[in-house]
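> Dropping a prediction and its sequence here:
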Amino acid sequence: MAAKCSYRLFKLYFIIALVLITSSYAIESQEQFFKRGHTNNWAVLVCTSRYWFNYRHIANTLSIYRSVKRLGIPDSQIILMLADDVACDPRNSKSGTVYNNANQQINVYGDDIEVDYRGYEVTVENLVRVLTGRLPDSVPRSKRLLTDERSNVLVYMTGHGGNGFLKFQDAEEISDVELANAFEQMWQKRRYHEIFFAIDTCQAASMLEKFYSPNILGVASSHVGEDSHSHHHDPEIGVAVIDSWTYYTLSYLERVKPTSKDKMHYLLQSFDRSLVMSTTKIRTDLYKRDLTKVPITDFFGSVRNIEIVNVSVSVDGSKELR
Amino acid sequence: MTDDNQGKLSLAYTSIAVGVVIIVLGVPLWWVTTEVYRAPLPYNRIAQLAFLQPQSVVPVEVVWLTKGEGVTEESTKLSELLKANLKSASSDNMTIIDYIITTRVGNEMEMEIVKENLIALNELDRKLGALNPESQGFRFYLLRPSQIKSPINRIYVGSYYSTFIVLNDGERYESFATKIQLVVKDIYVNEKVLRNTVTSILGFREKKADVESMRAIRSTDSYQLSFTLINPEPHNLIAKWKIADAIRIYLDPFLKALKDFSSFTIDSQVLYYSGLSIRPSQDSATGSYYLTPRLLPRVINSIESRLGSHATNNPAANFILYVPETKFKNLHIRTSKNDSRMTYSFISPRWGGFIIDSKAHNALNTSKVYEVDLKEAMDIFVAHLKLLLGIPKISMSGDKRLEFGKSDVGLSKWEYSCLLRRRTLENVASANQTLTSLAKLLEEITNIVISDRIKELINLSIEELHKSLDFMKSGDNARAFAHSKTAVTNSEKAFFDASLLELLYFPSDQKFAVYVPLFLPISLPILQSLYHAIRFLYRQRKDKQKKE
């Protein structure tokens, strides 16, 4: 078996070498606009909590949702999993709204929200099905993650977690192993180019540890043994409105424009332990690119490659029709 | 004493009875009911797939239509040279293309066609192409300038499988061998693209973004094409298009030529009051507006959310025709500051094509109604679609050394065969990869249910994969493609089957955590009393033996 493996490896190295040699051809000037290794961006945003007192988790997710939408990922490429119960909760004094700040400047519930998995549909099974693509035929396009080997995927999760698990709506939990296996299956079927996995929960770093598939960049709000805290309360609403780590992520993202050249490195270095009140954990060993050269828009936006071509093909069907 | 013993004995028998029922009936029952059904899979055959070498055979035939002497001697030399040159570049253990080179003198029918006084090249191409429409090999016809009408210096790549090379007086075989090589290597069979496509599926990433392997939407059964007309200011200008007619006349013949490749569903829409969310720059000299390539991704962003969701799960290609706001005079794309070329269209790989129709404002009459020139637009869209499907760019962008024959349907036979070859290799690699990782997954995670349906799909996929490889070796592109498509579709159906996720994949420590609180309180007393009962009976027997 070992001999077989090494032969296969040798063969693969040979292909890589060949590709490298043959690709050193003259580059046309227009191809300078064609530099991204991915062709499309997707986002999977999961809020695993429900009930009024978890207001902040819903606000977290909706805020990230708004940010990636503003930076260019269309709704058709965002899978939003949300219990979606606080906006119309009887305890909500401002019915139909969700605010992520006590100043109540932005209603993140807004009027253009597309929740793909709502209420009791937010389950571990559905998340794993979405990630691995194993959905029944009847599921519509908008609820599917139709990625390919050139897709960058942003996965954001928030909720209540512990060492090695994240709780889903008081009913079940997803373990670090299950999540890592789901990503591995995505990799096996070449369902992603790169994944940026961000998680804001207690002991969040434990969810990163079991990943073993390539090209995953992971960031977690707190180390194992540490809690992640909420940022502040809104006295009018009566509960905490946002989590600390997400709050500082958003305050960074607010400054990012769709045309920004800002790099992931600066976002990941921006978390100040004294402000966030937990230690941000970054896992880069699976991710091979230099973070100082990876634009934030590679994950939080949708900057597509462009090819300017002057081509035209004449089809004349009029003859055939007559 | 005996009473006490009697009681103990019956207690021991009861314990043993309970223990036996638990062990003989209970444990197997639990085992059987919690067992995961796993149909036996051909793991060995799947493991062997890794060693399969997809190899496509390309027949190349050089035909002398010149009436000259010494052809036979030159012919053998030419064929040897071609064999050496075409194979040298691919002399490794990953030969995906194998060339079969033959040379011959034109046969009677061919010579008959050339004999007709001074035939034009496109006419010649059509007539020779009609001679053997079934053959999929590439042919190179060598001609003298005196044999054709208005001879050209360039190589003429016909719209069938033939290329025409007009020989200059005294031109030696080395010279036209390089020409043949150029056409075979760069046009008919683009080995670099084929390699990159295959390696990209296998998951290798290059440092640089590779345009050729990233441009095309992945191979599938059916594509969705959606056409959108964007009219941001209907109060100033009403753009109209007769898209249904245009599709029928300018697109359908092209799609018909691709009917064995894939099916297409088409939709169209007109969007009002939705313009670009960005401001184009203005040229101070001419006053016209332009977009820089850096802004173009945002052009897509600003309209993408309004393109609507698609009715199918098939990969979609979007084609956008944008009539700019009246204030943006002559809006165009500029690749650099001093770029004087006016470009009005671009594509985004795996997404679609975009045209800026800046003629509207010049053509505007008092009625504010503007009829879009769809002939011109569709010509560009068809070219975009060809690129997005993975048809080589070279025939559309042109090369100074070459001239291309035009086909009525916008798709040359050789382009089609190029597409099929590329997609066959892609499908084979993809099916192979899917089956291998599915097998690996099923072996690794032991509590995945494998139903008989999955087994059938996998077996069918392997069969089809082998058939496809066989047809590739015999040079039959069309059949190889058809089988590769079935192989990849079935392998994906198996991989993405919803039944593979009937149970979540719990690690064994979690299973232990579930069973321990359930079984431990019951099983410990039973096992303990069983142990005591057996010990009691054993001792009693020993006592009996001692007494005797």
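The structure has been received and is ready for your questions.
> and residue 235, how many neighbours does it have?
With no chain named, the answer covers chain A. Other residues within reach of A:Pro235, judged by other C-beta atoms under 10 Å in any protein chain shown, total 8. Quick note: C-beta positions are derived from backbone N, CA and C, even for glycine.
> should've been chain B
Neighbours of B:His235 (other C-beta under 10 Å): 9.
> mind listing the helices in the stretch 101-250 of chain A by residue range?
With DSSP state H, counting those that start in this stretch as the criterion, the stretch 101-250 of chain A has helices at A:124-132, A:176-188, A:244-253.
> Give me the residues contacting the second one.
Going back to what we said before, that points to helix A:176-188. Here helix A:176-188 makes contact (C-beta atoms under 8 Å, 6 or more residues apart in numbering or on different chains) with A:124, A:127-128, A:131-133, A:147, A:164-166, A:191-192, A:195, A:197, A:206-216, B:203, B:437-438, B:440-441, B:445, B:504-507.
> Is there a quick ChimeraX command that grabs whichever of those residues are buried?
Only the buried entries of those go into this ChimeraX selection, using 16 or more other C-beta atoms under 10 Å in any protein chain shown:
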select /A:124,127,128,131,132,133,147,164,165,166,191,192,195,197,206,207,208,209,210,211,213,214,215,216 /B:203,437,438,441,445,505,506,507
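> Three-state assignment for residue 311, please.
With no chain named, the answer covers chain A. Recorded secondary structure, A:Val311: coil (DSSP: H, G, I helix; E, B strand; the rest coil).
> if you could check chain B rather than the one you did, that'd help
Under three-state DSSP, B:Ala311 comes out as coil.
> what sits against it?
B:Ala311 touches A:141, B:224, B:265, B:267, counting by C-beta under 8 Å, 6+ apart.
> Repeat the analysis, applying 7 Å as the threshold.
By C-beta atoms under 7 Å, 6 or more residues apart in numbering or on different chains, B:Ala311 lies in contact with nothing.
> So the helix or strand hosting B:Ile46, near chain A or not?
Secondary structure assigned from DSSP states H and E places B:Ile46 in helix B:43-49. No. Contact of helix B:43-49 with chain A (C-beta under 7 Å from any C-beta of the partner chain) is absent, the minimum separation being 8.5 Å.
> Show me what that helix is packed against.
helix B:413-444 (3 or more C-beta pairs under 7 Å, 6 or more residues apart in numbering or on different chains; DSSP states H and E).
> For the residue of the stretch 51-200 of chain B found nearest chain A, grab phi and psi.
Of all residues in the stretch 51-200 of chain B, B:Lys192 sits closest to chain A, at 4.7 Å by C-beta to the nearest C-beta. Main-chain torsions, B:Lys192, degrees, to the nearest 10: phi -60, psi -50.
> do you know how far it is from B:Leu402?
Taking C-beta to C-beta, to the nearest Å as the measure, B:Lys192 and B:Leu402 are separated by 18 Å.
> Burial check on B:Glu325, number of neighbours?
Neighbours of B:Glu325 (other C-beta under 10 Å): 18.
> Actually, B:Val36.
Counted with other C-beta under 10 Å, the neighbours of B:Val36 add up to 11.
> Check it and give its pLDDT.
The model reports B:Val36 with a pLDDT of 80.
> Isn't A:Met157 up against A:Val46?
Yes. Counting by C-beta atoms under 7 Å, A:Met157 touches A:Val46, with 4.6 Å between them.
> Show me the domain layout of chain B.
Here the domain parsing of chain B from automatic domain parsing is B:3-34+B:508-547, B:43-51+B:424-502, B:61-197+B:401-419, B:217-389.
> tell me, which of these is the model least confident about?
domain B:61-197+B:401-419 (a mean of 80).
> And A:Glu209, how far from A:Gly162?
According to C-beta to C-beta, A:Glu209 stands 13 Å off from A:Gly162.
> Revised request: answer the last question for A:Lys257.
With C-beta to C-beta as the criterion, A:Lys257 and A:Gly162 are 38 Å apart.
> Could you provide the helices of the stretch 101-250 of chain A in TSV, with additional columns for mean pLDDT?
Shown next, in TSV, are the helices of the stretch 101-250 of chain A (pLDDT from 0 to 100):
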stretch	mean pLDDT
helix A:124-132	93
helix A:176-188	90
helix A:244-253	93
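> So for A:Asn152, which of those sits nearest?
Proximity to A:Asn152 (C-beta to C-beta) singles out helix A:176-188 among the helices of the stretch 101-250 of chain A, at 12.4 Å.
> chain center to that closest one, what's the gap?
15 Å (C-alpha atoms, centre = their mean, to the nearest Å).
> so what's B:Phe346 up against?
Contacts of B:Phe346 (C-beta under 7 Å, 6+ apart): A:306-309, B:296, B:333, B:354.
> Looking at those, which one is closest to B:Lys493?
B:Lys493 has its nearest neighbour among the contacts of B:Phe346 in A:Glu307, at 32.8 Å by C-beta to C-beta.
> any idea what sits nearest that closest one, other than its immediate chain neighbours?
B:Ile347 (5.2 Å; C-beta to C-beta, 6 or more residues apart in numbering or on different chains).
> which residues sit in contact with the one you found?
B:Ile347 neighbours (C-beta under 7 Å, 6+ apart): A:307, A:309, B:353, B:384, B:387-388.
> Can you name the residue of the stretch 101-250 of chain A nearest chain B?
Residue of the stretch 101-250 of chain A nearest chain B, by C-beta to the nearest C-beta: A:Gln188 (3.6 Å).
> Give me the number of neighbouring residues for that residue.
The tally of other residues near A:Gln188 (other C-beta under 10 Å) stands at 19.
> The residue most central in space within chain A bridge partners, please.
Centre of chain A computed as the mean C-alpha position; nearest residue by C-alpha atoms, centre = their mean is A:Leu154, 1.8 Å away. Judged by DSSP bridges, the bridge partners of A:Leu154 are A:Ala43, A:Phe196.
> what's near enough to touch it?
By C-beta under 7 Å, 6+ apart, A:Leu154 lies in contact with A:43, A:68, A:196, A:299-300.
> of all those residues, which two lie farthest apart?
A:Val68 and A:Phe196, at 10.8 Å, using C-beta to C-beta across the contacts of A:Leu154.
> How about stretch A:245-258 and chain B, touching?
Yes. Remark: stretch A:245-258 sits within contact range of chain B at A:Pro258, by C-beta under 7 Å from any C-beta.
> can you list the weak-confidence ranges in chain A?
A:1-34, A:317-322 (pLDDT under 70).
> who in the stretch 101-250 of chain A is up against chain B?
The stretch 101-250 of chain A comes close to chain B at residues A:124-125, A:128-129, A:132-136, A:141-142, A:144, A:146, A:148-150, A:175, A:177-178, A:181, A:185, A:188-190, as judged by C-beta under 7 Å from any C-beta.
> Correct me if wrong: B:Glu110 contacts B:Thr66.
No. Using C-beta under 7 Å, B:Glu110 makes no contact with B:Thr66, being 11.8 Å away.
> Between the two, which has more neighbouring residues?
Neighbour count, other C-beta under 10 Å: between B:Glu110 and B:Thr66, B:Glu110 has more, with 20 against 17.
> In which helix or strand does the more buried one reside?
Applying DSSP H and E, one finds B:Glu110 within helix B:108-115.
> Mind listing what's buried along the helix or strand just after that helix?
Note on helix B:108-115: by DSSP H and E, the next helix or strand toward the C-terminus is helix B:121-131. Under the neighbour-count criterion of 16+ other C-beta under 10 Å, helix B:121-131 has B:121, B:124-129 buried.
> One more: stretch B:449-467?
B:449-450, B:454-455, B:457-458, B:460-462, B:464-465, B:467.
> Just those residues: which are in helices?
Residues of those located in helices (DSSP state H): B:454-455, B:457-458, B:460-462, B:464-465, B:467.
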